[in-house]
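[1] show me how the following folds:
(2 chains)
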Protein chains: 2
Amino acid sequence: MESMMIYMPAILAVVGLVFMWAKRSWVLKQDAGDGKMKDISSHIYEGALAFLNAEYKLLSFFVVGASIALAAIAYVVPTTHYLIIVAFIFGAFFSALAGNMGMKIATKTNVRTTQAARTSLPQALKVSFGGGTVMGLGVAGLAVLGLTGFFILFFHYFMGGEWTDTTQMTVVLETLAGFSLGAESIALFARVGGGIYTKAADVGADLVGKVEAGIPEDDPRNPATIADNVGDNVGDVAGMGADLFGSYVATVLAAMVLGNYIIEDMGGNIVDSGFGGIGPILLPMAIAGAGIIISIIGTLLVKISSNSAKEAEVQKALNIGNWTAIILVAVASYFLVTWMLPEETLTMGFFVGGAEGFEYMDISSIRVFYACLVGIVVGGVISAVTEYYTGLGKKPVLSIVQNSSTGAGTNIIAGLATGMISTFLSVLLFAIAIWASYAFAGFYGVALAASAMMATTAMQLAIDAFGPIADNAGGIAEMSELPAEVRERTDILDSVGNTTAATGKGFAIASAALTSLALFAAYVTFTGIDGINIFKAPVLAMLFIGGMVPVVFSALAMKSVGKAAMKMVEEVRRQFKSIPGIMEGTAKPEYDKCVAISTEAALKEMLLPGVLTIGFPIAIALIPMLFGYENVLIAEMLGGYMAGVTVSGVLWAIFQNNAGGAWDNAKKSFEAGVMINGEMTYKGSEAHKAAVTGDTVGDPFKDTSGPSMNILIKLTCLIGLVIAPILGGHTEGDIPNEGASIEMEESINAEDLSEEIQVNMTSEGNKTIAKVRITTTKKGKTTVQQKTFTGTKAEVEKQVQDLKDKA
Amino acid sequence: MESMMIYMPAILAVVGLVFMWAKRSWVLKQDAGDGKMKDISSHIYEGALAFLNAEYKLLSFFVVGASIALAAIAYVVPTTHYLIIVAFIFGAFFSALAGNMGMKIATKTNVRTTQAARTSLPQALKVSFGGGTVMGLGVAGLAVLGLTGFFILFFHYFMGGEWTDTTQMTVVLETLAGFSLGAESIALFARVGGGIYTKAADVGADLVGKVEAGIPEDDPRNPATIADNVGDNVGDVAGMGADLFGSYVATVLAAMVLGNYIIEDMGGNIVDSGFGGIGPILLPMAIAGAGIIISIIGTLLVKISSNSAKEAEVQKALNIGNWTAIILVAVASYFLVTWMLPEETLTMGFFVGGAEGFEYMDISSIRVFYACLVGIVVGGVISAVTEYYTGLGKKPVLSIVQNSSTGAGTNIIAGLATGMISTFLSVLLFAIAIWASYAFAGFYGVALAASAMMATTAMQLAIDAFGPIADNAGGIAEMSELPAEVRERTDILDSVGNTTAATGKGFAIASAALTSLALFAAYVTFTGIDGINIFKAPVLAMLFIGGMVPVVFSALAMKSVGKAAMKMVEEVRRQFKSIPGIMEGTAKPEYDKCVAISTEAALKEMLLPGVLTIGFPIAIALIPMLFGYENVLIAEMLGGYMAGVTVSGVLWAIFQNNAGGAWDNAKKSFEAGVMINGEMTYKGSEAHKAAVTGDTVGDPFKDTSGPSMNILIKLTCLIGLVIAPILGGHTEGDIPNEGASIEMEESINAEDLSEEIQVNMTSEGNKTIAKVRITTTKKGKTTVQQKTFTGTKAEVEKQVQDLKDKA
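    The predicted structure is shown next:
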């Protein structure tokens, strides 16, 4: 069993994909309704495909460019292998494939949900959630399958499928980082490009359709209405899917990298502990694999029986599935941690005090489970906080509603303030998560906290993707002029979908933040630096620049929406003017032209933010090199930049998402009527108009610039991780099979004190590097000091001997 | 001459204050106009006094509380003396005095400017700028006098007026930090409280007066109009003055602290270099002193001759004065640096590479001058960038104007995006300033860059304070129903004042940022830690929390404005209803009630943000202590928090100030008419209404939350600096005159290599601490290693001996 464990996550992923396929077949077998419905649905489907195809074209250029850059890195850095390019391409391909499948099933499920809503609400939920499940399992299954598959491949290719040493494993994991980078690159296109697409179409459709022409939302006479519905899928389904795909892969990868360092900290070989000596590396994959099966169980629990159910019952059904999955992940983590980690204790490096305070400590392996619990709990609580700040009927949204009575200005101020204040609890929780999971199990604990939280990704995505499907289903019901009860049923699902969208965004931010943190930790270990000292001026300067980038990125994304929307407005105006009979419904608008405009504009406008994201870390690594800066300092500067981007990016993500969500629901509150200064106020009132203005500002916040932050912070840290080996420690002395290597061990034992000296000496040309580790155990507490000597062989041997004499 | 140099800055400050007094007498001798004008002016004057008196009452409680806290610190920390309380109280008193004088002269000058404008524009400029000059010189003079006076006092009290050692000097400077803390505390009240006051009065006056009652701005029938005019003085005069007073003092103090470390790096004694051996400590004070005289010269150059002059000529007059002052500061810095620093070379500690990369290097003292130049240039360029992003007729403002045509929503998005994008250049410049000034002369260079930039504070404040005086003068002309030409003349001054207000804000941010940085550097040296490693999880967690605080602080400040404005609205409504004849102008409104409401609300609402600012750093220092964390780790955590607050605070300051300034000028653009889609559009159009909404959002941004960031970041770093000794290195072994101290020096010389070992051994009870510094010079390059041994005396001596044997 133990030796087969390496294959288990991949097998579980395949099980998930098989279940996904079965579910997909079931959904597609459902009745797709009559002619008009089918017609509209196929317009949306084709529009979605048009976007995907345009995206793929742009992507292929990007992939070629990035591959060349990776080839250059592989050429320069001995530990980076050319296979990183293959991993990168497959990472991009798998993520694109998952997005493609998700978009297709979502655009097929929408009309089937409408049709199901004609019979009953339980059936409509079953169909729409079925579509979401396909999306969720597709993303999670492909992520786990791809990552574990390539791990198995590289493990066999580089190490012959047997444990050799941590340096070789580092090569495996550095190559595997290509897969993660590929996946996150797709997320950049899907999330940022998708975010621009969806808002450009939305604003364009609303401004000309609703405001100028005075026709209702989702009216088939509006040429931009199909683009608008496509946008929901592009942004909320494909964008969110690619985002979580990227987080999932990056989190597990970072945990694997840190697992390898645990093995190193334990002496470089733990084959005796079973699992081929790679238990700590397999553990995050195993949790991810288990999460897929658990998510299937969770999705099976989501159902309602009563046709007269309201939002609360639907929400309850989703909650039961979600919480069951979360609890099962906690249970599974317990068994996996105790089973897979080396027996009772792990040796781990901790920073405990001042500059010299790096200490190796023996910790109980159960503490890794506690770290998992931290991740699971914090993920849940951050989602709850997000729901509080953006939820209908909650205090923050009600306060924005009240502030709408004095005009748009006060509404805007209230919304901005809500978004800003919401950072307090979220960041506090996040700081606690870092602190606690690190205190339990070092950075490995932080990465596993993230992994455990991400284990229910399939379930989260199922809940998340069901929202836009229900939204689309409502649109189709409207456009097809179906009976009111159909729209009422889809509206119940849509309303629940809005809530899950908000919590889903909270989950996505939390996951992106924890992922970045895990990547950040992996980065430091990859580069071999001792830490990132922001008291060094160049590092501090980079912290500032890193802090600025998310702000500028957000502004660029917002401006992009404005530009793309303007193009859409012009096209819709043109069609209203030049197509006779369009307003009477006798002539068909040219939907595809609007889709093409949104597609083109979105992809064009995402270039600048994309260049910013990718260019900055590369420039920070390269420019100081030209000035002859030491690699170690550059590594710290890049680390400072990554920290700046992460801290500022998390803040701006929470601020923008929550402000946007709160404005949206403040506007929606007027639909049912709100009490302002003792008077019931409804849609069409002055206060409502102010709330609509707030929502206009909030839209790009919550759908474009806010969610883009997730990608920005993860991609920044991933690029750092891929660059790391260029800057990093183990390119100098640790190159395997080069130079002479002498291993010496000596130990003394006296009373309560034992001291062990390990020396690893490597030579390259004239230069010899000795890494000395002195492990002192005193009254059960182990302290490790590390020293490095460089010079000629004779010099170094003398220094090492001196040290031993002293001991 | 050299030995008297310590008194020179204080003497120059007194010269400045004498000039200030002469100018003040001249201004007060000017004609204050007729009955109605005098009446209105005295209302404003009394309102301003009412605010100050209420503020002082609250302040006295605060000062008592803070004094008790400081007494506790002095009790715990041996190197912190009880005199810190005296310094604190005087710091608060001097800053309050400067604010008081500034407010009084501003509220006396306004009516005299109106009267002068009845004769000619040159005379109006002379009077209004004269008032500004009094304010500027009062602030700068008192700041330099207070700081240098207390330095002389403490230098004599603790060291007998003679150089002893750097540890004693640290005690002097730690005690002096109390002065800076006192000054910055006043700034918290003046800037944050003042910011809330001015916007509450403004919004209250506008909402009921302009919108509900339909009477023009500054109409004497509006009960809130006096409060509104008082607000201009409270916020823009007293708030800005206290802000710059605090920056000025803190910058010079930080440079002095770092100067002391240069003396330590050079061996602890440079008496041979003249200036009583404290040249590097005196230098920043000397530059500040010279700056006062230079500012006087600058103010003398500000004049126009033509009565038909326009904005451009007035602006040019101000620019000539300003740029002359800046260039003269550069020249003076050159002479002072070359004269006062130890001859050719300075030894300074630099972080140059990896973890062990701390190196002592000999640098030419002229490089300190280059660092000064960096500060002067960057200060100027950041002001120019601010002017670009907020200036009338510039691209960003024009783009907001264009976006107003599609409604308030797009106007808001454009304004937010402008503020966000403006962070790019500002932060880049700021990063360059850190990098370059550090590269030239280490953190001493960073602090001197800030000091040189701040040297023209008196001139900057004169230009800055002249704006609100001209604004008030216009208000008085309006309320007194003077001929149109008077208002035209004051409008020219007011318009120029708006531009200088924007650049002044840029200057204030840049100075706050550089000040924080200098304080941050001083903090690290005070605590004696080697750096701040954000790879330690608790430090990283604090970086996140630090990043969040400015965001939450801004939100609280914005909400405070909303609450205070609501109270004002109710009061104005009440007066309109209950005072018969008020609208006909036959009955007088109760101005004082509105003033009282604004005063009370402002001071009450600033409590929560104030508690947040002061409470967080204290909590971060104390809570981990309860958990038994090591002091060194806590020091790093607090440092991480300070860095987070500074990075995020600078970003949010730039974002909010520039967005607010841009919205304001976008609205003002409609007064002269703007071209939108080929049509001239004016006040009253739909686009103008959208721009007014934008300005409503921008008002608290630019006048309350934005400028508050300056105080937040400086006060955070100052509190850190005062707490530092509790956490810091020199509380353990460096306690003067306690335990036995043995000084040993040994050196070897061979070929190109020289090695010197310095040992400083101190004992306290059973525990002996040896600090060993090994200075190796090899081929002209000096490397210093520092090691610390602790244990019993015998143990430590053995270890030191071993080390020497090895050498």
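
[2] residue A:623: what secondary structure?
    Following DSSP: H, G, I helix; E, B strand; the rest coil, the label given to residue A:623 is helix.

[3] tell me how far it lies from residue A:579.
    To residue A:579, residue A:623 is 53 Å away according to Cβ to Cβ, to the nearest Å. C-beta coordinates here come from the backbone N, C-alpha and C atoms, glycine included.

[4] what residues go with each domain of chain A?
    A:2-731, A:741-806 (automatic domain parsing).

[5] check these for me and report the most buried one.
    domain A:2-731 (a mean of 23; mean count of other Cβ atoms under 10 Å in any protein chain shown).

[6] who touches stretch A:672-682?
    Contacts of stretch A:672-682 from elsewhere in the structure, counted by Cβ atoms under 8 Å, 6 or more residues apart in numbering or on different chains, are A:398, A:401-402, A:404-405, A:670-671, A:687-688.

[7] dump the domains of chain A to TSV, plus mean pLDDT.
    Compiled in TSV, these are given as follows (pLDDT from 0 to 100):
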stretch	mean pLDDT
domain A:2-731	88
domain A:741-806	59
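
[8] those domains: which one's closest to residue B:707?
    For those, the distance to residue B:707 is smallest for domain A:2-731, at 16.5 Å, taking Cβ to Cβ.

[9] from the chain's centre, how far out does the closest one sit?
    Chain-centre distance of domain A:2-731: 4 Å, with Cα atoms, centre = their mean, to the nearest Å.

[10] in strands only, show me the contacts of stretch A:672-682.
    Restricting the contacts of stretch A:672-682 to those inside strands, with DSSP state E as the criterion, leaves an empty set.

[11] now, which of those sits nearest chain B?
    residue A:402 (10.5 Å; Cβ to the nearest Cβ).

[12] for residue A:512, give me its contacts.
    Contacts for residue A:512 were tallied using Cβ under 8 Å, 6+ apart; they are A:243, A:247, A:650, A:653, A:709-711, A:713-714.

[13] near chain B, which residues of the stretch 501-650 of chain A are found?
    On the criterion Cβ under 8 Å from any Cβ of the partner chain, chain B has as its neighbours in the stretch 501-650 of chain A the residues A:517, A:521, A:524, A:529-538, A:540-545, A:547-548, A:551-552, A:554-556, A:558-559, A:562, A:630, A:632-633, A:636, A:639-640, A:643-644, A:647-648, A:650.

[14] please flag which of the residues you listed sit within helices.
    Counting by DSSP state H, the part of those found in helices is A:517, A:521, A:524, A:537-538, A:540-545, A:547-548, A:551-552, A:554-556, A:558-559, A:562, A:632-633, A:636, A:639-640, A:643-644, A:647-648, A:650.

[15] now residue A:369. Nearest residue, chain neighbours left out?
    Excluding the flanking residues, the one nearest residue A:369 by Cβ to Cβ, 6 or more residues apart in numbering or on different chains is residue A:337, at 4.3 Å.

[16] next, the closest residue to residue A:385 other than its chain neighbours: secondary structure please.
    With Cβ to Cβ, 6+ apart as the criterion, residue A:385 has its nearest non-adjacent residue at 4.9 Å, and that residue is residue A:425. At residue A:425 the chain is in helix, as set by three-state DSSP.

[17] now do stretch A:398-407: everything it contacts.
    With Cβ under 8 Å, 6+ apart as the test, stretch A:398-407 has contacts from A:410-411, A:413-415, A:418, A:662-663, A:666, A:669-670, A:674, A:676-677, A:681, A:686-688, A:690-691, A:694, B:207, B:562, B:693, B:696.

[18] what's in contact with stretch A:318-331?
    Taking contacts as Cβ under 8 Å, 6+ apart, the residues outside stretch A:318-331 that touch it are A:129, A:287, A:290-291, A:294-295, A:297-302, A:372-373, A:376, A:380, A:452, A:455-456, A:459-460, A:463, A:496, A:500.

[19] switch to 7 Å and redo it
    The set of residues that contact stretch A:318-331 without belonging to it, under Cβ atoms under 7 Å, 6 or more residues apart in numbering or on different chains, is A:291, A:294-295, A:297-299, A:301-302, A:373, A:376, A:380, A:452, A:455-456, A:459, A:463, A:496, A:500.

[20] measure residue A:449 to residue A:799 for me?
    Relative to residue A:799, and taking Cβ to Cβ, residue A:449 is found at 41 Å.

[21] right, I mislabeled it, should have said residue A:321
    Per Cβ to Cβ, residue A:321 is found 62 Å from residue A:799.

[22] just residue A:508 next, same as before
    Between residue A:508 and residue A:799 the distance, using Cβ to Cβ, works out to 51 Å.

[23] what's the closest non-adjacent residue to the closest residue to chain B within the stretch 601-750 of chain A?
    Per Cβ to the nearest Cβ, residue A:696 is where the stretch 601-750 of chain A lies closest to chain B, at 3.0 Å. Excluding its sequence neighbours, the residue lying closest to residue A:696 (Cβ to Cβ, 6+ apart) is residue B:409, at 3.0 Å.

[24] the stretch 101-250 of chain A: strands as residue ranges?
    Across the stretch 101-250 of chain A, reading from the start of the chain, there are no strands by DSSP state E, counting those that start in this stretch.

[25] for it, give the residue positioned nearest to chain B.
    Counting by Cβ to the nearest Cβ, the stretch 101-250 of chain A gets nearest chain B through residue A:207, at 7.3 Å.

[26] now for that residue: which residues touch it?
    Each residue near residue A:207 by Cβ under 7 Å, 6+ apart is listed here: residue A:569.

[27] other SSEs contacting the host helix or strand of residue A:477?
    In this structure, residue A:477 is located in helix A:457-479 according to DSSP states H and E. Contact here means 3 or more Cβ pairs under 7 Å, 6 or more residues apart in numbering or on different chains; DSSP states H and E; on that basis helix A:457-479 packs against helix A:35-76, helix A:83-119, helix A:121-159, helix A:225-232, helix A:240-265, helix A:279-300, helix A:311-340, helix A:484-527.
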